[in-house]
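Participant: Got a sequence here, can you model it:
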Amino acid sequence: MEDLIHKTARLIADSRHVVALTGAGISVESGIPPFRGPGGLWEKFDPMEVGHIQSFMRDPEKVWRLLISEMRDVLMAAKPNPAHLGLARLEEMGILKTVITQNVDGLHQTAGSRDVVEFHGNFAWLRCLDCGGRVRTVEVDLSQMPPRCDCGGIFRPECVFFGEMIPPLDLDRAQIAASSCDVMLVVGCSAVVQPAAYMPVIARQSGAVVIEINPEPTPLTGRTSAFLIQGKAGPTVEKIVAGVTRIIADKRR
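Facilitator: I've put the predicted structure just below:
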């Protein structure tokens, strides 16, 4: 694995445009459970009952009580881990240009990443259904369910519910980023949810080297990705960034 980490660090240091695609696996290490898979939220709740936009509009109080208030508590406790911080560091170095994420926790921005495409929106911010006013989820008063804006309108998270479209602008930005990069890092992403799972395919077809950092193989492994670094996101990205830093320092001597 160390050889693959060094190889990845060399590819990144020599690249002109790196893009990262991240999924639930990167935030699990920050204490945020995934929606799917073992231990996921959809094992506790029926996604069509609490995750569909029609369910929210029909009974916002129920969705708030069952799902959103729990997510709020999780978000309040979660902090960026070394994988989030490492990607932000690569952006600060001018190497990584865009993070495309399926996550709704806002941890990339908290870590310092600036160019983040959130395919599924986020739970970190709420928007009033009436006036469009915005407030941070961690700041909302939950003594009233569902919580309401000063105008009296109901707040909803800025996430993409089932039954809603991914914002076309975000899809366009992601496709442009994927087709423009020469290296794509796929970090903590199972690559089974579309359209995010197609971004590495676009990158590969455009000539990029696709590198996976995942605990287990995915549908990309052996097909789209050049290789898989099998392990946890945090320590792996941390080692890669340290390697990139050393290589760039050596170049400047």
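
Participant: Would you confirm that Arg65 contacts Leu142?
Facilitator: No - with contact defined as CB atoms under 8 Å, Arg65 does not count as touching Leu142 (9.3 Å). Quick note: C-beta positions are derived from backbone N, CA and C, even for glycine.

Participant: tell me how far the longest helix along the chain is from the chain's mean position?
Facilitator: Longest helix in the chain by number of residues (criterion: DSSP state H): helix 233-252. Here helix 233-252 is found 21 Å from its chain centre; the criterion is CA atoms, centre = their mean, to the nearest Å.

Participant: And the contacts of that helix?
Facilitator: Residues outside helix 233-252 that contact it (CB atoms under 8 Å, 6 or more residues apart in numbering): 5-6, 8-10, 12-13, 25-26, 29, 81-83, 85-87, 89-90, 93, 95, 187-188, 213, 229.

Participant: These in helices, which ones?
Facilitator: Per DSSP H, these map to helices at 5-6, 8-10, 12-13, 25-26, 82-83, 85-87, 89-90.

Participant: Show me this protein divided up by domain.
Facilitator: Domain segmentation of the chain under automatic domain parsing yields 1-31+79-120+166-253, 33-77+123-159.

Participant: What's the mean pLDDT across the longest one?
Facilitator: Okay, so that is domain 1-31+79-120+166-253. Averaging pLDDT along domain 1-31+79-120+166-253 yields 94.

Participant: and the residue sitting nearest the centre point of the chain, bridged to which residues?
Facilitator: Central residue of the chain (CA atoms, centre = their mean): Thr101, 2.9 Å from the mean position. Counting by DSSP bridges, Thr101 is bridged to Thr22, Glu118.

Participant: Would you enumerate the residues in contact with it?
Facilitator: Counting by CB under 8 Å, 6+ apart, the residues that Thr101 touches are Leu21, Thr22, Gly23, His108, Val116, Val117, Glu118, Phe119.

Participant: hang on, the fifth one packs against Lys97?
Facilitator: It stands for Val116. No - at 11.1 Å, Val116 and Lys97 do not qualify as touching, with contact defined as CB under 8 Å.

Participant: Which one of those two is surrounded by more residues?
Facilitator: Counted by other CB atoms under 10 Å, Val116 and Lys97 do not tie: Val116 has more neighbours, with 23 against 17.

Participant: Return the distance of that one relative to Glu164.
Facilitator: 19 Å (CB to CB, to the nearest Å).

Participant: and what of Leu185?
Facilitator: Taking CB to CB, one finds Leu185 at 28 Å from Glu164.

Participant: Looking at those two, which one has more neighbours?
Facilitator: More crowded of Leu185 and Glu164, by other CB under 10 Å: Leu185, with 31 against 14.

Participant: So which other helices or strands are in contact with the helix or strand encompassing the more buried one?
Facilitator: Leu185 belongs to strand 183-187 when assigned by DSSP states H and E. If you count contacts as 3 or more CB pairs under 8 Å, 6 or more residues apart in numbering; DSSP states H and E, strand 183-187 packs onto helix 2-13, strand 18-22, helix 82-92, helix 199-205, strand 209-214.
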